[in-house]
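J.: sequence first, predicted coordinates after that:
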Amino acid sequence: QVQLVESGGGLVQAGGSLRLSCAASGRSSYSMGWFRQAPGKEREFVTAISRSGGSTYYADSVKGRFTISRDNAKNAVYLQMNSLKAEDTAVYYCTASKLVLPRRSGSSYDYWGQGTQVTVSS
């Protein structure tokens, strides 16, 4: 069983930055990802990183603005979010998958955090 705990969410003005962190219990032998869900909308894929950190994947809506990274020694994954827009407002969830290479489908992830709120004011 893996427990994921997100932190770093908050309120920021449009154009600003936030850095989300996700602490994972146990061994970090998982691909990791971030999903988000805005009010009244379906959950959507944001980004993912392979077990080694050598491969990363991004949704088109965040490409060039968001960066995912991981520190396997600390069992942590990070999401650096720059140039934030009002449409980035959502609850952000950290996820872990047993697959070597992550996928964009939420159903391929085995563990989910409780989520952290990100609010971008315009």
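T.: That came in fine, so what should we check first?
J.: who's the closest spatial neighbour of the spatially most central residue of the chain, skipping the chain neighbours?
T.: In the chain, the residue lying closest to the centroid (CA atoms, centre = their mean) is residue 34, at 2.4 Å. Spatial nearest neighbour of residue 34, excluding adjacent residues (CB to CB, 6 or more residues apart in numbering): residue 46 at 4.4 Å. The C-beta positions use only the backbone N, C-alpha and C, and glycine is treated the same way.
J.: for the one helix or strand the one you found maps to, what is the average pLDDT?
T.: Here residue 46 is covered by strand 44-49, with elements defined by DSSP states H and E. Mean pLDDT, computed over strand 44-49, is 98.
J.: by contact count, what packs against that strand?
T.: strand 31-37, strand 56-58, strand 66-71, strand 76-81 (3 or more CB pairs under 8 Å, 6 or more residues apart in numbering; DSSP states H and E).
J.: buried ones in the last one?
T.: So the one you mean is strand 76-81. Neighbour-count burial for strand 76-81 flags 76, 77, 78, 79, 81 (criterion: 16 or more other CB atoms under 10 Å).
J.: give me the low-pLDDT residue ranges for this structure?
T.: 27-28 (pLDDT under 70).
J.: which among the buried residues of strand 76-81 gets closest to residue 120?
T.: Distance to residue 120 across these (CB to CB) is lowest for residue 81, with 9.1 Å.
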